[in-house]
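In: sequence and predicted structure below; questions after.
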Amino acid sequence: MNDAQPAPAGPLRADEIALLRASVELVGPLADDMTVYFYAILFQRHPETRELFPANLDVQRDRLLRGLLRIVDLVDDPENLVRFCGRLGRDHRKFGALNDHFPAVGAALLDSLARYAGDAWSPRLADIWARAYGVVSQVMIQAAEEDAAVRPAVWQARVIDHRMRAPGIAEITLLPDSPYPFVAGQYASVETPWQPRLWRHYSLSHAPRQDGTLTFHVRATRDGRVSSALVHQARPGDMLRLGAAQGEMVLDPRMERDVLCVAGGTGLAPIQALVEQAVRNGGRRFVDVFVGARTADELYGFEDLLRLAQRNHWLSVRAAVSDENIPGLNGSLPQVLRQFGPFYRHEAYVSGPVEMVSSAVRVLLNQGVPQARIHHDPFDVPVLEAALLPRQLRREAHA
Ligand SMILES: NC(=O)C1=CN([C@@H]2O[C@H](COP(=O)(O)OP(=O)(O)OC[C@H]3O[C@@H](n4cnc5c(N)ncnc54)[C@H](O)[C@@H]3O)[C@@H](O)[C@H]2O)C=CC1
């Protein structure tokens, strides 16, 4: 089949959206097989696209098609569709010149859907899918072009410091080749020379610095190839690549509410950045920080925050350990929040393992904190934020 031509980008009608959703439901249970098929035909028809992806496709497999399919969920929500696809487009710049590949991906997607939807596939459904894909790719391309006018797609950054902060947790400092714009609380995507084209996201652990250096906290995990390489292999002098900073877990300087910060494990990084920013802003509101770790050994960074609290009356810092019985606070962060709340007057920032973040969010919602005042980074792949959140939750989040 020829590559899909750009489809006329008219809004889809309600009956067309219903058909689109029904087809996603239909292929949902077959998504794994369909994904394998999708990549197979994409690489067969366009071998040059293979080198855009990491050598091991396992994670990517899961991501790309899932993202494409779930974007469908946003087709009747233009504002969030544009926001989501715009971010996707900007984020894709780091992968290289992609504009030429949109038609190829679109064609592979439609052919995969046609095969796995079976009898339910029809020329009408194909037309609806082509139009939906046309809208998405137009928004992505436009966002990428606008972004290209103002900043590079990637930054080369040299490792200038590497130190272990706790067992398996390294603090890594980089010097980028040109100024790297970001706001305290944001994260960067990082590619290492050891796992080419495998990008992972790490939060910066500080507010922007005069000398332009950037610091990340990284924990080596058993399955985390990039994290393990960063902790165990990276040394001063090594070169990494960075994609643009992203993330909306930032302080609004106009906001007057007190702040609650909840940091689990290496989730401390963005919280430390927010606290540093609050100091710079002049400490105009009270900030309560809860830092959690499984064991006392893993509770790194707490002493630094305590020292900061001694100098700033508006800052209070508490630590809790969940898997060890030691003097002080015991329990997981969500358990501890239950003891200390309610925080319904606060603006809340939560960072750490996904399960911890989602259960802390539930505790805060139960305490009456409105969803809009609970800030956390997207679960899993940041660019798939909207895709991974259940529809209802997302609506509430943007309400
Ligand atoms: N911006 C963000 O949201 C950031 C998120 N992270 C993520 O944070 C995580 C940090 O992992 P580790 O340091 O290994 O944390 P960890 O597994 O050592 O746990 C840290 C804290 O979270 C609590 N916790 C862990 N699992 C929980 C669960 N199921 N329910 C309730 N509480 C739970 C623990 O009790 C402990 O207080 C990584 O997944 C990393 O991707 C890291 C940096 C920034």
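Out: Arrived safely, thanks for sending.
In: OK, contacts around the nearest residue to residue 51 once chain neighbours are set aside?
Out: In space, and not counting its chain neighbours, residue 51 is closest to residue 197: 7.9 Å by C-beta to C-beta, 6 or more residues apart in numbering. (C-beta placed from N, C-alpha, C; glycine too.) With contact taken as C-beta atoms under 8 Å, 6 or more residues apart in numbering, residue 197 is in contact with 51, 52, 53, 54, 55, 95, 191.
In: reformat those residues into a markdown table and put distance to residue 273 next to each item.
Out: Conversion of those to a markdown table gives the following (distance: C-beta to C-beta, whole Å):
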| residue | distance to residue 273 |
| --- | --- |
| 51 | 35 |
| 52 | 31 |
| 53 | 31 |
| 54 | 28 |
| 55 | 33 |
| 95 | 26 |
| 191 | 22 |
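In: what subset of those is buried?
Out: Buried positions within the contacts of residue 197, assessed by neighbour count (16 or more other C-beta atoms under 10 Å), are 53, 54, 95, 191.
In: and the residue sitting furthest away from the middle of the chain, what pLDDT?
Out: Note on the chain: the largest C-alpha distance from the chain mean falls to residue 119, namely 36.8 Å (C-alpha atoms, centre = their mean). Turning to residue 119, the model gives it a pLDDT of 93.
In: ok, the residue in the stretch 51-200 of the chain positioned nearest to the ligand - how many residues close by?
Out: When scored by C-beta to the nearest ligand atom, the stretch 51-200 of the chain has residue 187 as its residue closest to the ligand, at 5.8 Å. Residue neighbour count, defined by other C-beta atoms under 10 Å, stands at 24 for residue 187.
In: please name the residues that touch the residue farthest from the centre of the chain.
Out: Taking C-beta under 8 Å, 6+ apart as the test, residue 119 contacts no residue whatsoever.
In: so which residues on this protein come close to the ligand?
Out: Taking C-beta under 6 Å from any ligand atom, the part of the chain that reaches the ligand is made up of 187, 203, 219, 264-267, 269-270, 292-294, 298, 322, 332-334, 351-353, 355-356, 359, 376-377.
In: now the buried members of these.
Out: Taking 16+ other C-beta under 10 Å as the criterion, what is buried in those is 187, 203, 219, 264-267, 269-270, 292-293, 298, 322, 332-334, 351-352, 356, 359, 376-377.
In: could you measure the residue of the chain found nearest the ligand against residue 229, distance?
Out: Of all residues in the chain, residue 265 sits closest to the ligand, with a separation of 1.9 Å (C-beta to the nearest ligand atom). Computed with C-beta to C-beta, to the nearest Å, the distance linking residue 265 and residue 229 is 19 Å.
In: by mean pLDDT, flag the weakest helix or strand of this protein.
Out: Using mean pLDDT, DSSP states H and E, the weakest-scoring helix or strand in the chain turns out to be helix 385-388, at a mean of 32.
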